[in-house]
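J.: What follows is a predicted structure for the sequence shown.
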Amino acid sequence: MSAAANEYDYVIVGAGTAGSLMAARLVETPGVTVCLLEAGPADTNPNIGFPPGFMKMIFNPNATWGFMAEPGEGLNGRSIPAIQGRVVGGSMAVNGMVYTRGQAADFDKWAQLGNPGWSYDDILPYFRKTESNTDKGDAQYRGHEGKLPIVALDWKNELVDTFIKSAGELGIPHNVDYNGKSQAGAGVYQYNIGKGKRINTARAFLHIARKTGRIDLRVDARATRVLFEGKVAKGVSYTDDKGASVKTVMARREVILCSGAINTPRLLQVSGVGDPEHLREIGVDVVKALPGVGQNLRDHITPRTVVKVAGATSLNQIANSKVKVAGQMFQWLRNKPSVIGIGVVLGQIFWKSDPALDNPDMLVTFTPGSFKEGFLGVLDDVPGMTLGAWQLRPESSGYVKARSTDLFEAPAIQPNYLAAEKDRNVLLSGQKLIRRLLNETSLKKYVVEEMMPGPSVQTDDELKAYARRQALAGYHYCGTCKMGPASDPLAVVDATLKVHGLDRLRVIDASIMPDITSGNTNAPTMMIAEKGADMVKAAA
């Protein structure tokens, strides 16, 4: 690629879910050049494409940032992992591969908050554009021509089937497509898996687009600052030798930040964009005062119930048997349904904590396997199943703050989990639904013993206390560069994702979400990238 004086049409920071897709879409325009900076390594680790490799990737220091959240009052002072991918493919290279769009009402709310063009009807075409739904879902809602394969769980398991049946016994209907017309009901999860392998936006879009010769992907390149001339973003400085030297790359048209809800606000802050008082504390001159940078941090949180089972096959029994593992591998190699080719959670119930609600506000997840101390990723030695309670739209919010201008020093990350009373009460409703499933339905016949939280935890206060001492993050960080009109004191970008008061600078990743979506945030992040790419192209 020829790039005069290290200059490109666009400089994108972050080759994760959004950045990989953005770069691929931008070079669809003939002649356009992109420099894509990724702080982590190339995605050559074989565990990325191998679905069970999730257990090796999620805590891999060579593929994740290793962040820890600040001690949380709502978590009894615990500090828990704040996992973000640091590798080409980003968090989509290390996550559980679950594909959840959210509810139509989520996006209609975004529009109502002063963001024209972001209602559900507006953004639905972008969801459809990305995916190739291999289950041939309703074409009104599902895409069939995109490059990213989305498939529902096809591996059969008695415990999963009974989980869905048991939901029905409690009046919760079966829903074959929670990403279709309605989210409500019980069913199996959908994954970004194709032919038994993890497929993310790097593998579905970026690597193919690089064949144009117009994407310069620079790995192990940690952005250190956005470079401004006055209020105009001109380029990015970065280091690819752990800070020994600093290099620059310039953008003829725009700088686009796609580093996620932790690293994007941090980069803005060290570049002089943020709350003036915070910038003074870390010794940074103010380029643009935007107090909302790093504020409005949202994430999901889940207390898990772990049960010892008998009478049905769990993931633990398969994993602990060389013969069964070999049989599943044989099926996987033949591209047949196999435990090898699935995501980390298998069943779900999207439901209401209050029957008067219009839409689900809680989620119960189901995995026919037990994990040590409830950590997804470390299988227990005994056969079991794990059920998680989630509030879909937590009201608790926090912040991300750079501690200094040193990009090798982790920022302060404070999600303020369970600070809002409503969050605690909705989680409690989910925990109680789990108990009903285990004690009042067909699932009961498989239960040997509830190991966590255990029979000693019974009252509402005891269940809430268990959540405080055991709940873990969803790793669905968003909201820290909130999209909204200039009249919103926390807004960082406008409805075209341009940073307020600055030129040639956009944020296009999960940090722009005004509020968290009802489920995993990866699919909405792809939608944001698709829509953002169209807006960038239209402005060229």
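T.: Structure's in. What do you need?

J.: what's downstream of the longest helix along the chain, the next helix or strand?
T.: The longest helix of the chain (DSSP state H) is helix 421-440. Toward the C-terminal end, the helix or strand that comes next after helix 421-440 (DSSP states H and E) is strand 447-452.

J.: Tell me the helix or strand right after that next one.
T.: helix 460-470.

J.: Show the average pLDDT along that next one.
T.: Mean per-residue pLDDT for helix 460-470: 97.

J.: Identify the residues contacting it?
T.: For helix 460-470, contacts defined as C-beta atoms under 8 Å, 6 or more residues apart in numbering pick out 74-76, 78, 301, 303-304, 374, 389, 418, 424, 427-428, 431-432, 452-453, 456-457. (Each C-beta comes from the backbone N, C-alpha and C, glycine too.)

J.: pull the longest strand from the protein.
T.: Of all the segments of type strand in the chain, defined by DSSP state E, the longest one is strand 247-257.

J.: So Ala18: helix, strand or coil?
T.: Put simply, Ala18 is helix when judged by DSSP: H, G, I helix; E, B strand; the rest coil.

J.: for it, what are its contacts?
T.: Counted by C-beta under 8 Å, 6+ apart, Ala18 has contacts 90, 201, 258, 260, 508-510, 525-526, 528-529, 532.

J.: now the chain, which segments are flagged as low pLDDT?
T.: The model of the chain has pLDDT under 70 over residues 1-5, 373-377.

J.: Let's see that with 90 instead.
T.: Scanning the chain for pLDDT under 90 picks out 1-5, 54-56, 58-59, 133-137, 319-321, 344, 371-382, 407.

J.: Next, count neighbours for Pro116.
T.: 12 (other C-beta atoms under 10 Å).

J.: residues near the nearest residue to it once chain neighbours are set aside, how many?
T.: In this structure, Pro116 finds its nearest non-sequential neighbour in Ala495, 5.5 Å apart by C-beta to C-beta, 6 or more residues apart in numbering. Counted with other C-beta under 10 Å, residues neighbouring Ala495 total 19.

J.: can you pull the contacts of Ala495?
T.: 114-118, 483, 485.

J.: re earlier: show the buried residues in the contacts of helix 460-470.
T.: 74-75, 78, 301, 303-304, 374, 389, 418, 424, 427-428, 431, 452-453, 457 (16 or more other C-beta atoms under 10 Å).

J.: picking up where we left off before, same list (the contacts of Ala495) but as a markdown table, adding distance to Ala471 and secondary structure.
T.: Below are the contacts of Ala495 laid out as a markdown table (distance: C-beta to C-beta, whole Å; DSSP: H, G, I helix; E, B strand; the rest coil):
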| residue | distance to Ala471 | secondary structure |
| --- | --- | --- |
| Gly114 | 33 | coil |
| Asn115 | 31 | coil |
| Pro116 | 37 | coil |
| Gly117 | 36 | coil |
| Trp118 | 30 | coil |
| Met483 | 28 | strand |
| Pro485 | 34 | coil |
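
J.: what separates the residue nearest to Pro116 from Asp108, distance-wise?
T.: 14 Å (C-beta to C-beta, to the nearest Å).

J.: Next: Gly501.
T.: Distance, Gly501 to Asp108, by C-beta to C-beta: 28 Å.

J.: Now the nearest residue to Pro411 once chain neighbours are set aside: which helix or strand?
T.: Spatial nearest neighbour of Pro411, excluding adjacent residues (C-beta to C-beta, 6+ apart): Arg266 at 4.7 Å. Secondary structure from DSSP H and E places Arg266 in helix 260-270.

J.: one step back: neighbour-wise, which of the contacts of Ala18 leads?
T.: Gly90 (34 neighbours).

J.: In the longest helix of the chain, which of the residues would be classed as buried?
T.: 423-424, 426-431, 433-435, 437-438.

J.: got a list of contacts for that helix?
T.: Applying C-beta under 8 Å, 6+ apart, the set of residues contacting helix 421-440 is 74, 163, 166-167, 169-170, 301-303, 305, 307, 349, 351, 353-354, 361-364, 387, 389-391, 394-396, 417-418, 443-444, 447, 450, 460, 463-464, 466-467, 471.

J.: Which members of those residues are positioned in helices?
T.: Using DSSP H, the subset of these located in helices is 163, 166-167, 169, 460, 463-464, 466-467.

J.: filter these to the buried ones?
T.: So, by 16+ other C-beta under 10 Å, the buried ones in the ones in helices among the contacts of helix 421-440 are 163, 166-167, 463-464, 466-467.

J.: In CSV, list the residues you listed along with distance to Asp9.
T.: Putting those into CSV (distance: C-beta to C-beta, whole Å) gives the following:
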residue, distance to Asp9
Phe163, 50
Ser166, 55
Ala167, 51
Leu463, 54
Lys464, 53
Tyr466, 53
Ala467, 49
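
J.: Closest one of these to Trp332?
T.: Phe163 (23.2 Å; C-beta to C-beta).

J.: from what I can see the closest one touches Leu443, true?
T.: Yes. In terms of C-beta atoms under 8 Å, Phe163 counts as a neighbour of Leu443; the distance is 6.2 Å.

J.: Pick out the most distant pair among the ones in helices among the contacts of helix 421-440.
T.: Pairwise distances across the ones in helices among the contacts of helix 421-440 peak at 26.5 Å for Glu169 and Lys464 (criterion: C-beta to C-beta).

J.: dump the residue contacts of Val345.
T.: Counting by C-beta under 8 Å, 6+ apart, Val345 has contacts 96, 98, 189, 365-367, 376, 388.

J.: Number of residues surrounding Val94?
T.: The burial count for Val94: 28, using other C-beta under 10 Å.

J.: shouldn't it be in contact with Ile83?
T.: Yes. Counting by C-beta under 8 Å, Ile83 is a contact partner of Val94 at 7.3 Å.

J.: Quick check: neighbours shared by these two?
T.: By C-beta under 8 Å, 6+ apart, the residues touching both Val94 and Ile83 are 58, 64.

J.: Kindly provide the distance from the closest residue in space to Leu206 that isn't next to it in sequence to Asp216.
T.: Of all residues not flanking Leu206 in the chain, Ser20 sits nearest, at 3.9 Å (C-beta to C-beta, 6+ apart). Per C-beta to C-beta, Ser20 is found 14 Å from Asp216.

J.: How about Asp161?
T.: 49 Å.

J.: which one of these two has more residues nearby?
T.: Asp216 (18 against 15).

J.: That one: what's its closest spatial neighbour, skipping adjacent residues?
T.: Nearest non-adjacent residue to Asp216 (C-beta to C-beta, 6+ apart): Cys35, at 4.7 Å.

J.: My read is that Gln348 contacts Pro360, right?
T.: No. Using C-beta under 8 Å, Gln348 is not in contact with Pro360; the gap is 10.3 Å.

J.: ok, these two, which is more surrounded?
T.: Comparing Gln348 with Pro360 by other C-beta under 10 Å, the one with more neighbours is Gln348, at 27 against 23.

J.: No further queries at this time; thank you.
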